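# Show me the folded form of this:
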Amino acid sequence: MKLLLFSDNHRDRDSVKEVIRMHPDMDRYISLGDSEMKEHELSSLNVFGVKGNYPFEPNFPYDLSFNFLGLSVFFTHGHRYSVKLGLTKLLNHAIYNNIDIVCFGHTHRPFLREIEKVLFINPGCFSKERNGASNSYCILEITETLVHVVINTLSGVTLMDYDKER
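Modelled structure (predicted):
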């Protein structure tokens, strides 16, 4: 299962289209919120995801959970878990619900770390150079034997890379 994750594109439609064009082989394209795009715009690009905290968000749920090849993956924007203040609420939610991988946005900063056996992924900010952040996104690949995560910029720079055998 290959997933492309992005967050906080804040109406930057061109970056969304560009990254999809660069990665046509993904199984899923997932917005982690604050897209500020209309639901039909995202759906026409085969993007689904979660609602962020911006007032003009698509009619997506706030949270989604899926099981990919035996791993529980949770998607949220993060604002309802106060991620700008830390990951305690999100970690507690993950542990209580037996979640293996948590994907979130909201902070505009790429983040990739395993905490108490839960892998946390934030692809960073997808809009072009918003608040000085790189326009980054994530590829999450889950196979029967491996979890592979790469956070890249649209210009091709790898910011973070993670491999873990299952």
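# was I right about residue 18 contacting residue 154?
Yes. Counting by C-beta atoms under 8 Å, residue 154 is a contact partner of residue 18 at 6.3 Å. Quick note: C-beta positions are derived from backbone N, CA and C, even for glycine.
# what's the pLDDT at whatever residue is furthest in space from the centre of the chain?
Distance from the C-alpha centroid of the chain peaks at residue 145, with 21.7 Å (C-alpha atoms, centre = their mean). What the model reports as pLDDT for residue 145 is 97.
# Not counting sequence-adjacent ones, nearest residue to it?
residue 166 (5.7 Å; C-beta to C-beta, 6 or more residues apart in numbering).
# Provide a list of residues in contact with that neighbour.
71, 143, 144, 145, 146, 147 (C-beta atoms under 8 Å, 6 or more residues apart in numbering).
# residues near the closest residue to the fifth one other than its chain neighbours, how many?
Distances taken as C-beta to C-beta, 6+ apart place residue 165 nearest to residue 146, at 5.9 Å, with adjacent residues excluded. The local packing of residue 165 (other C-beta atoms under 10 Å) involves 6 other residues.
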